[in-house]
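Enquirer: Turn this into a structure:
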Amino acid sequence: MIASSSASHGSTHPSNLKHNPLLTFWRGVATYSEVKPEHIAPAIEYLLRQAQDAVDVAVNPNTEPTWDTLAEPLEDATEALGRSWGVISHLNSVVDTPELRAAYGEMLPKVTAFFSSLGQNLELYQKFKDLSKTPDFGKLSAAQKKVIENSLRDFRLGGAELNDEDKPRFAQIQDEQATLGKAFSDHVLDATDGFVHLVTDLVELAGLPEDAIAAAAGTAQQKALQGWAFTLHFPSYYPIMQYAENRALRRLMYEAYVTRASELAPQYGKGKLDWDNTQNMLDQLRLRDEEARMLGYKNYAALSLALKMASSVAEVDSFLTNFAKTAKPFAMKDWQELSEFANIKLAIVDGLEPWDIAFASERLKQERYSFSENELKQYFSLPKVLDGLFQVIQTLFGVKIESANLPTWHADVQSFSVKNAKGDLVAYFYLDPYARPGKRGGAWMDDARGRRVLPNGEIQIPVAHLVCNFAPPVKVDGVLRQPTITHNDVITLFHESGHGLHHLLTQVSALGVSGINGVEWDAVELPSQFMENFCWEWEVLEKMTAHAETGKPLPRELFEKILAAKNFQNGYMTLRQIVMSLTDWRLHASFDAKNAKGQAVLEESRVIADQFNVIPQPAISRWINTFSHIFAGGYAAGYYSYKWAEVLSADVYSAFEEAAKLTGSVLDEETGTRYCTEILEVGGSRPAAESFKAFRGREPSIDALLRHGGLT
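Expert: Residues are numbered from 1 along each chain as shown. From the prediction side, this is the model:
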């Protein structure tokens, strides 16, 4: 997943602001730990004035419509605002406090209003149209032309062509959507942080791995409790679901997890704030539908396609429904096998319940492939995995990754530099690996600073945040163990690094299309999903594994087992992902949000699940209330892009498989260089379809994805 923010600044600040850390990092990196809630309003107010001054200069009749006099100064001023706001948004996601949240919330409407007004500024729109018609436009670089073309498109989508009577309402819609998205995310975080289950009898934890028990003891100690405390943060929650023999405990945790941020959440009735997202979802869908219709689109899904590869609402729906039909027989087989196993081998004779699925699946996998996820986890110490990941990147793309000493926002955060073959610095990135209270769940990459060539000719190097939520290191018998992560966590790390590489290795000089900027939303997952493939290669895993106790690398025999298990339940997992994608798509394409009431969003999700899924959705489940990707994460009418891009990424990776037949290694430098040149380096400076064809020499094919997933 990606989350994007950007900007940098370069003006002289008033004396009362000269020590404000949101203004003093200039073109460097932010001093995150120095940012306090009281810094936010003064800095953002100042930057809003600076940005507005730049807009006023841009629309002045005396300002020539050229890149140097119009586009460049405006980009500079808005980047300044965007970058400082990006620091605040990032801190709000990773070190949330009531004070920070309040300060962020106070300024959010003002920042949203500014960018809304920018998109509706008819005079500015006319200036960019004039620029596109000048003789000088033909002399611009391809990237600069793409920035101008994208800007004209964004003006239209921003409401610039609306009549004056409609513009205030359109701006209000943007403001309300931003506020609702933040509230949705806050509710999910609060509901996750707000639940703690204390176990006082160790017998109840039978089956749990030692490190999960130790982590629960540590959580209890942090909360001044006696026993073992479990939360709804995934590293605490999921080991219960996967390993706990105590079925009642699994049910308790499951029901708490799937009712978060809903009217059924266990937090209600205990003096907690109301974190129910039911009405929030309806309000967001209504606003999106209204926005789309104001801009002349039939629905929000159609509007979203202006920024995507797909050409029509029907094309996406057909892609997903056909994929569902392909996956369903495999999913049905997976479900039948699991149900029979649970009945015969686990004595779950009253039917497999949702809180049994992960537990039964883990036991079935152990029986079928003779290994457990916990056994495998012991070979993946995070430092060793990072070394292996960096070796893949360095081999394929001819760069060097080294530790850096950048200011961070938490003691767990690491920073790194990326240098080219000549030793020149080309990028920085941060890694924030562990889950903790006050940190949003999931994993993502966001743009801390984009690459551009400054007016003085200096190159502004890109900076990225890579954020994960792995289980933190724990003490066992008083000794702090080296952190180990699951193989799924390894895949997540490679995935986010793929997004990072897309942003960090760009060679585009115009900010608006450098790195991930300007890339079609349904293609932006290509580099991330491409990197996942290396997590299944022996030549990669052999060098990035070391047992937590013995230090020995992963045995080839165990590797063969996990490879055999690679597509274990892939039919079920694929169908689950498609159902989520269809839910998102149809909520934005055909759902009547205007007249919907109550639990209508939940009911719509159930209709889709009943039509396509093979596992009945339990009545208690309110999973949609925490679907942050589409209600708080920028993936509205875009969740399908994971599957869409997976087709592209599997096809791209097949080029490395083809090279391996000749060279004996998927880490083929020649193919890696070509991939870097044709896809990573060009960023959003040309259409993704052109970049794909430049690398593969043809249109994409779904065959590689079906083969990789065992769906043939």
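
Enquirer: Specify the helix with the largest residue count in the chain.
Expert: helix 313-345 (DSSP state H).

Enquirer: In that helix, which residues are buried?
Expert: Neighbour counts over helix 313-345 (16 or more other Cβ atoms under 10 Å) mark 313, 316-317, 319-320, 323-324, 326-328, 330-331, 334-335, 337-339, 341-342 as buried. C-beta here means a position set from N, CA and C on the backbone, and glycine is covered the same way.

Enquirer: Stretch 355-375 now?
Expert: 355-365, 369, 371-374.

Enquirer: What lies in contact with that stretch?
Expert: 209, 238, 241-245, 247, 250-251, 253-255, 337-338, 341-342, 345-346, 348, 352, 486-488, 558, 561-562, 564-565, 568-569, 615 (Cβ atoms under 8 Å, 6 or more residues apart in numbering).

Enquirer: Please apply the same query to stretch 624-634.
Expert: Contacts for stretch 624-634 (Cβ under 8 Å, 6+ apart): 1-4, 180-182, 184-185, 188, 191, 260-262, 276-278, 280-281, 284, 440-442, 444, 580, 583-584, 587, 601-602, 605, 635-639.

Enquirer: switch the cut-off to 7 Å
Expert: Under the contact criterion Cβ atoms under 7 Å, 6 or more residues apart in numbering, stretch 624-634 has outside partners 1, 3, 181, 184-185, 188, 260-262, 277-278, 281, 284, 584, 601-602, 605, 635-636, 639.

Enquirer: Stretch 702-709 now?
Expert: In contact with stretch 702-709 (Cβ under 7 Å, 6+ apart) are residues 567, 570, 574, 646-647, 650-651, 654, 712.

Enquirer: same thing but 6 Å
Expert: 570, 646-647, 650-651, 654, 712 (Cβ atoms under 6 Å, 6 or more residues apart in numbering).

Enquirer: Give me the buried subset of the residues you listed.
Expert: The buried subset of these (16+ other Cβ under 10 Å) comprises 570, 646-647, 650-651, 654.

Enquirer: T677 - how many residues pack around it?
Expert: 16 (other Cβ atoms under 10 Å).

Enquirer: Tell me the one of the buried residues of stretch 355-375 nearest L389?
Expert: E373 (19.9 Å; Cβ to Cβ).

Enquirer: can you pull the pLDDT of that closest one?
Expert: In the predicted model, E373 carries a pLDDT score of 92.

Enquirer: from now on call the first residue 3
Expert: In the new numbering, first residue 3, that becomes E375.

Enquirer: Report the separation between F130 and D156.
Expert: Separation of F130 from D156 (Cβ to Cβ, to the nearest Å): 10 Å.

Enquirer: For these two, work out which one has more neighbours and name it.
Expert: For F130 versus D156, the count of surrounding residues by other Cβ under 10 Å is larger for F130: 22 against 18.

Enquirer: any idea of the mean pLDDT for the strand or helix carrying the more buried one?
Expert: F130 belongs to helix 124-135 when assigned by DSSP states H and E. Averaged across helix 124-135, the pLDDT comes to 96.

Enquirer: again with stretch 672-686
Expert: pLDDT averaged over stretch 672-686 gives 98.

Enquirer: E108 - nearest residue in space that isn't next to it in sequence?
Expert: Leaving aside its chain neighbours, E108 sits nearest to A43 (6.4 Å; criterion: Cβ to Cβ, 6 or more residues apart in numbering).

Enquirer: Pull out the buried residues from the one helix or strand the one you found maps to.
Expert: Per DSSP H and E, A43 falls inside helix 39-61. Buried residues in helix 39-61, counted by 16+ other Cβ under 10 Å: 39, 41-42, 44-46, 48-50, 52-53, 56-57, 60-61.

Enquirer: what's the answer for stretch 707-714, then?
Expert: 707-708, 710-711, 713.

Enquirer: likewise stretch 146-160?
Expert: Under 16+ other Cβ under 10 Å, the buried positions of stretch 146-160 are 146-150, 152-154, 156-160.

Enquirer: swap in stretch 65-85?
Expert: So stretch 65-85, judged by 16+ other Cβ under 10 Å, has buried residues 67-69, 71-85.

Enquirer: quick revisit: helix or strand right after the helix holding A43?
Expert: Once the chain leaves helix 39-61, the next helix or strand it forms, by DSSP H and E, is helix 74-96.

Enquirer: Around E36, count how many other residues there are.
Expert: Residues near E36, counting by other Cβ under 10 Å, number 15.

Enquirer: Chain neighbours aside, what residue packs nearest to it?
Expert: P23 (4.1 Å).

Enquirer: element containing that neighbour?
Expert: Using DSSP H and E, no helix or strand contains P23.

Enquirer: Phi and psi next, for Y432.
Expert: phi -110, psi 150 (degrees, to the nearest 10).

Enquirer: My guess is it contacts S417. True?
Expert: Yes. Assessed by Cβ atoms under 6 Å, Y432 is found in contact with S417 at 5.1 Å.

Enquirer: Give me the more crowded residue out of those two.
Expert: More crowded of Y432 and S417, by other Cβ under 10 Å: Y432, with 25 against 17.

Enquirer: Am I right that T552 sits in a helix?
Expert: No. Using DSSP: H, G, I helix; E, B strand; the rest coil, the assignment for T552 is coil, not a helix.
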